[in-house]
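**Q** Kindly return the folded structure for what I paste below:
(one chain, ligands or ions: 1)
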Amino acid sequence: MKALVCKQFGELDQLQIEETAAPVMSPSQVRLSMRAAGVGFMDTLMAKGLYQLKPELPYVPGAVGAGIVTEVGAEVQHVKVGDRASFLNYYGAFAQEVVTEAHTIVQIPNSMDFAQGATFRLSYTPAYLALKLRAQLQPGEVLLVTGASGGVGHAAVQLGKLMGARVIGSVGRAEKMDIVRSFGADEVINHSTEKLRDRVKELTDGRGADVILDLIGGDVFDECLRCINMLGRIIVMGFTSGRIPQIPANLVLLKNCSILGVFLGGWMTRDQAGSMKLNQDLAELAMQGALRTHISHRFAFQDAVKAMQTLLQRDTIGKVVLDINP
Ligand SMILES: NC(=O)c1ccc[n+]([C@@H]2O[C@H](COP(=O)([O-])OP(=O)(O)OC[C@H]3O[C@@H](n4cnc5c(N)ncnc54)[C@H](OP(=O)(O)O)[C@@H]3O)[C@@H](O)[C@H]2O)c1
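**A** So this is what the prediction gives:
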C-alpha cells in the first residue's frame, strides 16, 4: 500500500509517499481501506516534532480518516466487514490502509460521505468535549470562540448556537468574518485589527464572555483572560500562534474564573465508554442535519504535503480533506 512517510521530524517537504507493507492486525483491531483523511493543525505539529506526543520513526502522519472496514479482529464487536467507518487516533491516516484499535472506530451515519466522516471527528468531537463536558455551556450564556473559522473553531460556533448560547467568533483575517457569521456566530471580531478585550466587553455590557474556547494561545489568550466574565470558564485547547501562554494566577483569582484544559486524545484513551457516548450524541445531531463540516480545500492523496502546507498558510476555512483511492 502507499503511505505518506515521515522518517525524521522537520520541514514538511521531507515527507514522501512510499510503497510500504500493509500493517499487521491484532485481535482488538480493525482494518480500514481508506477513502478520505482530514488534515489538521496537529498533523503539521507532529511531523515537525513540535507536538506533545512524538511517535517512533518512521511513522505515517494523519490523525483522522474514513473508509470501509475490510477486516475485524476476533475481539471486535461494534463494526463488521463492509461498514463505512471513521477513525481518530494520533497518526496513520495518510495511507491507503489503516489498522487501528477498535475503540478509535465509529460507523459513519448514512447522511455523511467519506469526506464528512473523516473531518467530523477532529472538528465536532473536540469542540463538543470542550463545550458540553468541560465548560458545561448553558443556554443564554455568551460563548467566545477564537480561531472561529478553523476546523475546531467553526464546529464550536455551530455547537454553541445549538446549545443555546450567544456566540462571538474571533478571527485573524478580515476576509473570514462573513463566513463565520454564516456558521451562525451572532457577532464576529477581527482580533488582528480590534482589541479583543474591548470588543468583547462592548458586546456584553462590560461583563465579558461566560465561556471562552481558545485555539490560538499567545497574545489572544492574554486578551481572553481579560474579557472573561465573573465565574466564567476559559478552555485551553490549542496554540496555533506558536506561543504557549503563561497564566498570571492573580487574574484567575480576581475574576473568580476557571481555566479548563482539554486534550481529546488523552481523554479518549482513558474514558473509552465516555468517548463512544460523545460520538453517538454527535452522530444523532449530524443525522438530524444540524451539523455539517465546512470543507474549503480538497487535495488528491499525492498532494498530501501541499495540503498540510496550505493549512499553515491560513487560507483554509473549516477543514482540508485528502481524497484517498484504494
Ligand atoms: N486539545 C485538543 O484536544 C485538540 C483537538 C483538536 C485540535 N487541537 C488544536 O486546536 C488548534 C486548532 O486546530 P484546527 O485544526 O482547528 O486548526 P486550523 O483549522 O488550522 O485553525 C486554527 C486557526 O488558527 C489561526 N492561526 C493559524 N496559524 C496562526 C498563527 N501563526 N498565528 C495566529 N493565528 C493562527 C487561523 O485563524 P485566522 O487565519 O483567522 O487567524 C486558523 O483558522 C490547534 O492548535 C490544534 O492542535 C487541540
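**Q** need the contact list for Val252.
**A** Val252 sits next to 225, 258-259 when contact means Cβ atoms under 8 Å, 6 or more residues apart in numbering. All C-beta spots, glycine's among them, are computed from the backbone N, C-alpha and C.
**Q** And this protein, split by domain according to the record?
**A** The chain breaks down by automatic domain parsing into domains covering 2-121+293-323, 124-265.
**Q** if we can go back for a sec, can you tell me which of the contacts of Val252 lies nearest to Pro23?
**A** Ile259 (39.1 Å; Cβ to Cβ).
**Q** Do I have it right that the closest one meets Gly232?
**A** No - using Cβ atoms under 8 Å as the test, Ile259 is too far from Gly232 to be in contact (10.0 Å).
**Q** Who has more neighbours out of those two?
**A** Gly232 (23 against 18; other Cβ atoms under 10 Å).
**Q** List the neighbouring strands of the helix or strand where the more buried one lies plus their orientation.
**A** Element membership of Gly232 [criterion: DSSP states H and E] is strand 228-236. Strand pairing for strand 228-236, determined by DSSP bridges: strand 209-214 (parallel), strand 258-261 (parallel).
**Q** and that strand, average pLDDT?
**A** Averaging pLDDT along strand 228-236 gives 98.
**Q** can you give me the end-to-end distance of stretch 201-213?
**A** 16 Å (Cα to Cα, to the nearest Å).
**Q** if we can go back for a sec, tell me which of the domains of the chain sits nearest to the ligand.
**A** For the domains of the chain, the distance to the ligand is smallest for domain 124-265, at 2.1 Å, taking Cβ to the nearest ligand atom.
**Q** follow-up on the earlier one: compile the domains of the chain into TSV and extend it with columns for distance to the ligand.
**A** Rendered in TSV, the data for the domains of the chain read as follows (distance: least, Cβ to the nearest ligand atom, whole Å):
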stretch	distance to the ligand
domain 2-121+293-323	4
domain 124-265	2
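**Q** want to try a markdown table for those, with distance to Lys277 as columns?
**A** Shown next, in a markdown table, are the domains of the chain (distance: least, Cβ to Cβ, whole Å):
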| stretch | distance to Lys277 |
| --- | --- |
| domain 2-121+293-323 | 11 |
| domain 124-265 | 10 |
